[in-house]
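*Asks:* no sequence for this one, just the structure:
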């Protein structure tokens with residue numbers, strides 16, 4: 001079972017710690033995300049949305065939706081219903097405000113929920129997405145099993161997640177940025193100084209590329225493909241269900 005180290009030494013489990021962390025940084029998350037990624041994350045989300053749109057889904061689940069950026073982008077598809085699920089009420093509250101401002105409340109519903117115990121029936125969704133959240137699962141395989149369960153046969157599963165470049169000099173530059181500069185930015189602008197250290201640490205140790213492809217296949221997903229983005233600092237993974 002793949003588990004990622006919690007972001008603090010605490011008696012709380014990873015799930016509780018991550019919830020508390022995102023509740024704390026929810027108000028500043030969007031702005032800091034744009035700064036840390038130089039705004040390139042917007043381009044990555046658009047590519048992920050296009051992959052979903054190509055399958056013409058009717059109902060979509062966006063897991064670890066956070067402040068709803070990807071869920072809102074998914075409104076560009078013809079889907080009638082988009083559900084954004086997250087364990088952090090703080091992040092969801094920010095997302096709800098954004099959805100109201102864009103008058104998308106009739107199409108996008110934000111719900112509190114656990115990615116490893118999804119409150120939905122089997123074979124419910126035509127498409128499921130996770131944007132920059134899968135590395136926060138307490139137990140990766142358990143979450144993936146749940147995703148496979150609620151995905152309809154023939155449905156698409158899209159992951160957008162950070163990854164580590166494998167080629168020189170991008171690998172060295174990435175390591176320098178994530179280990180030194182990114183935590184410094186978080187320290188300067190965030191109320192929770194350890195949060196952005198956790199985000200960089202978790203990105204560096206999370207399985208990516210063919211390793212994550214193989215985990216998806218072992219769970220039971222088919223048609224698994226990974227698409228590295230921007231020299232490999234992020235990757236889009238697509239797969240489906242028999």
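*Replies:* Received it, and whenever you're ready, just let me know what you need. All of these numbers come straight from a predicted model, not from anything done at the bench. Numbers count the residues shown, from 1 in each chain.
*Asks:* low-scoring stretches of the chain, by residue?
*Replies:* By pLDDT under 70, the low-scoring segments of the chain are 1-12, 189-194, 196.
*Asks:* which stretches of it form helices?
*Replies:* Ranges of helices in the chain, per DSSP state H, are 14-37, 40-53, 69-73, 89-101, 140-150, 170-176, 182-189, 193-205, 210-219.
*Asks:* most tightly surrounded among these?
*Replies:* Across those, averaging neighbours per residue (mean count of other C-beta atoms under 10 Å) puts helix 69-73 on top, at a mean of 24. Backbone N, C-alpha and C define where each C-beta goes, glycine included.
*Asks:* if we can go back for a sec, JSON lines for the helices of the chain, including distance to residue 110?
*Replies:* Converted to JSON lines, the helices of the chain look like this (distance: least, C-beta to C-beta, whole Å):
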{"stretch": "helix 14-37", "distance to residue 110": "13"}
{"stretch": "helix 40-53", "distance to residue 110": "17"}
{"stretch": "helix 69-73", "distance to residue 110": "8"}
{"stretch": "helix 89-101", "distance to residue 110": "5"}
{"stretch": "helix 140-150", "distance to residue 110": "17"}
{"stretch": "helix 170-176", "distance to residue 110": "32"}
{"stretch": "helix 182-189", "distance to residue 110": "25"}
{"stretch": "helix 193-205", "distance to residue 110": "21"}
{"stretch": "helix 210-219", "distance to residue 110": "26"}
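*Asks:* what's the closest of the ones you listed to residue 128?
*Replies:* Across the helices of the chain, residue 128 has its closest neighbour in helix 140-150 (5.5 Å, C-beta to C-beta).
*Asks:* which strands or helices does the closest one pack on?
*Replies:* strand 59-63, strand 125-131, helix 210-219 (3 or more C-beta pairs under 8 Å, 6 or more residues apart in numbering; DSSP states H and E).
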